[in-house]
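Novice: 3D, please:
(2 chains)
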Amino acid sequence: MNRRSKEALFFNIFRGCALFVVIVLVVILGYILINGVGKLSIDLFTQNPAPNSHGAMVAGGILSPIVGTLMLMAIVLIIAVPAGVFGAVFLVEYGGNNRISRAWWMIVNNLAGVPSIVWGLVGVGLLVYYLNFGLSLLAAGVTLSFVILPLIMVATKEAIEAIPPSIREASVALGATKWQTVRHHILPYSASGILTGIILSLSRAAGETAPILLTGVAVNAAIPSSLSDSVQALPYYIYLMTQTSDRSAAIPMAYAAALVLIGVIVLLNLGAIILRNRYRQKYRW
Amino acid sequence: MVALKSKKNNRYMRKIFEGGMTGLLLACALVSVLVLLMVFMFLLGNSLPFLQNNDIWQFLTGTHWLPFGDFPSYGILPLFVGTLMVTLVASLIAIPVGLGATIYLSEIASPQVRNVLKPVIEILAGIPSVIYGLFAALVLSDWIMVIFEPNTRLNALNGALILAVMMIPIMVSVAEEALNSVPRNLREASLALGATRWETLKMTIVPAALPGIVAAIILSMGRAVGETMAVIMATGNSTQFTFNILASMRPLTAALAIDVPEATVGSMAYYSLFAVGLVLFIITFALNLVAEYVLARFKEAYH
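Specialist: Next up, the predicted model:
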């Protein structure tokens, strides 16, 4: 085999790998779309899950899982977003590039690598039992916030670091303090980048199952009326539907809920992409 | 005089405000470190009652995982082997395919193709693990039944295949960055010497980017070890001790998800699960640390 045909052979193999990845995505999304779309109805979005005649929770709709997921996302928004954004601002703007802040970022990166079920375990031990939150919306939301915190920090870091140092130097040269520089220059200029990161992190929070599995979800939970109630969530509902013995009724519901969950995530991602594109047009360094 | 005084006062106030804001931001940054410390201390603290009363060697090498019942046995070897088998088989598929796709994406594809392929990878990374689990449990398992005819519908191979799919986007994004950070002049020098693009790739770019590629592989393996939902839905969760990839297995993560709700708080089974969590934490932490270290050295070399 000569050198040219060898090149063609290998390049085609690589092309095949890439094609395979695309096909996998199309097949997975296709299966969920085709099997889930038939179940979509007004009732699906307006009714809570209900038991069927055999007592399995496969009838009704998925209202309470949808609302529960939104509530969990709200808790993450309140806890993880401010802590993550301000923490990252401190590390980049005040910490600089020294050994301590590099080690600190290493810790953040390692936090992002902690398996989500380990967070669930810590959530059970610390929040549910030790702090006596019980199996609740609050315990699940806080656990989820732990999972999301490092993601928001890394996204914020990348957004801030994209701002050229000359902006900071100009601001400080005009007599602005560190906080004034952050408040009037760093945060506004990186706002859309940070916002993109927040949206993507929230979409991750919407799909996380393992952390909430142990800390606050319940099969027959209604829409929570307080932070101490247990909660239903879309990903947990999907998991439940694959574990139910009444498969013929449960599987269509699982696909429908999966389609809704993917819909939520795609919408959030689209929002992030639009934001990112606008940001690119607004600021060019 | 008055104006001067108020100005001084103002500056004083500003200093306090400035200090307050710095403190607030520092507090937020401290959260991350405190959380990590808390996780580790908490896992360790809750494992201690178990580790003090049980033989650690027996815990690590025992072949029966029966934490409940009158004669409990806390051997995590079957769980560990479950994690190992699933991760290794997934890696055998994900590493070549992921690398191939990465090389295509960053070296071969035209900008138009790249604009399609990159979002595809991003979407794959964004799909929740429970959706992958759903696909494995309902669709992939049927295909495996037809092709390999295993004894159980849900088995380790099923979990490994879906994990392979989940590993690919992480590998591609980290490895692509590594390929992109290889300096342009290396590539140009190789081409100028008459090497074909494949030879340049094989003998110049990939060797130069090797540390980044290794980090990508380690990071994606860490993800596979820590993955819970897809695994719990796909592998069947039997605690038998076996190396048969077509048998049902229960990896470490699945054991936590299944057994924690069963365990009474303060019982030995409860503490044993924290010990399992500690093992899992240490494995993934070590993998991440190695990957971080390799990446940091790699970045230093080319900056």
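
Novice: for A:S245, helix, strand, or coil?
Specialist: Classification of A:S245 by DSSP: H, G, I helix; E, B strand; the rest coil places it in coil.

Novice: now do the same end-to-end measure for stretch A:213-226.
Specialist: Across stretch A:213-226, the terminal residues are separated by 19 Å (C-alpha to C-alpha, to the nearest Å).

Novice: B:S73 against B:D55, yeah?
Specialist: No. If you go by C-beta atoms under 8 Å, B:S73 and B:D55 don't touch, sitting 11.5 Å apart. In short, each C-beta sits where N, CA and C put it, glycine included.

Novice: skip the chain neighbours and tell me the closest residue to B:M145.
Specialist: Leaving aside its sequence neighbours, B:M145 sits nearest to B:R153 (C-beta to C-beta, 6 or more residues apart in numbering or on different chains; 6.0 Å).

Novice: dump the residue contacts of the one you found.
Specialist: B:S141, B:D142, B:M145, B:G236 (C-beta atoms under 8 Å, 6 or more residues apart in numbering or on different chains).

Novice: taking the residues you listed together, which two end up most distant?
Specialist: Pairwise distances across the contacts of B:R153 (C-beta to C-beta) peak at 14.2 Å, for the pair B:D142 and B:G236.

Novice: center of chain A, which residue is that?
Specialist: Nearest to the geometric centre of chain A sits A:R204, at 1.4 Å (C-alpha atoms, centre = their mean).

Novice: what residues of the helix or strand that contains that residue count as buried?
Specialist: If you go by DSSP states H and E, A:R204 is part of helix A:187-207. Buried residues in helix A:187-207, counting neighbours by 16 or more other C-beta atoms under 10 Å in any protein chain shown, are found at A:187, A:189-190, A:192-207.

Novice: rewinding a little: so the residue nearest to B:M145, which of the three states?
Specialist: Three-state secondary structure (criterion: three-state DSSP) places B:R153 in coil.

Novice: local confidence estimate at it?
Specialist: For B:R153, the pLDDT comes out at 87.

Novice: could you chop the chain up by domain?
Specialist: Just going to use chain A. Taking automatic domain parsing as the reference, chain A has its domains at A:3-37, A:45-282.

Novice: I was after chain B.
Specialist: Using automatic domain parsing, chain B is parsed into the domains B:2-53, B:66-301.

Novice: show residues contacting stretch A:165-173.
Specialist: Under C-beta under 8 Å, 6+ apart, the answer for stretch A:165-173 is A:E93, A:K178, A:Q180, A:T181, A:H184, A:H185, A:I186, A:Y189.

Novice: what's the mean pLDDT across that stretch?
Specialist: 91.

Novice: show me the shaky parts of the stretch 1-150 of chain B.
Specialist: Under the criterion pLDDT under 70, the flagged ranges of the stretch 1-150 of chain B are B:1-8.

Novice: which residues in it form strands?
Specialist: Assigned by DSSP state E, counting those that start in this stretch, the strands in the stretch 1-150 of chain B fall at B:65-66, B:73-74.

Novice: quick one: distance of the last one to the chain centre.
Specialist: It stands for strand B:73-74. Taking C-alpha atoms, centre = their mean, to the nearest Å, one finds strand B:73-74 lying 27 Å from the centre of the chain it belongs to.

Novice: if you count contacts, what does that strand end up packed against?
Specialist: Applying 3 or more C-beta pairs under 8 Å, 6 or more residues apart in numbering or on different chains; DSSP states H and E, we find strand B:73-74 packed against strand B:65-66, helix B:268-301.

Novice: just checking: what are the partner strands of that strand?
Specialist: If you go by DSSP bridges, strand B:73-74 pairs up with strand B:65-66 (antiparallel).

Novice: now do the partner strand: everything it contacts.
Specialist: B:P72, B:S73, B:Y74, B:G75, B:I76, B:P78, B:L79, B:T239, B:R250, B:A255.

Novice: if you set the cut-off to 7 Å instead, what comes out?
Specialist: Residues from elsewhere that reach strand B:65-66 (C-beta atoms under 7 Å, 6 or more residues apart in numbering or on different chains): B:P72, B:S73, B:G75, B:I76, B:P78, B:L79, B:T239, B:A255.

Novice: can you show me the strands along chain A?
Specialist: Applying DSSP state E to chain A gives strands spanning A:49-50, A:59-60.

Novice: for chain A, what is the nearest residue in the stretch 151-300 of chain B?
Specialist: Proximity to chain A, evaluated over the stretch 151-300 of chain B using C-beta to the nearest C-beta, is greatest for B:G226 at 2.8 Å.

Novice: neighbours around the residue nearest to that residue when sequence neighbours are not counted, how many?
Specialist: With sequence-adjacent residues excluded and distances taken as C-beta to C-beta, 6+ apart, B:G226 is closest to A:P115, at 2.8 Å. As a burial measure, A:P115 scores 26 neighbours (other C-beta atoms under 10 Å in any protein chain shown).

Novice: relative to A:A74, how far out is A:P115?
Specialist: 25 Å (C-beta to C-beta, to the nearest Å).

Novice: A:P49 now?
Specialist: 21 Å.

Novice: quick one: which of those two has more around it?
Specialist: Shown here are A:P49 and A:A74; by other C-beta under 10 Å, A:P49 has more neighbours (23 against 14).

Novice: wait, isn't the more buried one in contact with A:I66?
Specialist: No. Contact criterion C-beta atoms under 7 Å: A:P49 and A:I66 do not qualify, at 10.8 Å.

Novice: which stretches in the stretch 101-250 of chain B count as helices?
Specialist: For the stretch 101-250 of chain B, the helices defined by DSSP state H, counting those that start in this stretch cover B:111-126, B:129-135, B:141-148, B:156-180, B:184-192, B:197-200, B:206-226, B:229-234.

Novice: many thanks, we can stop here.
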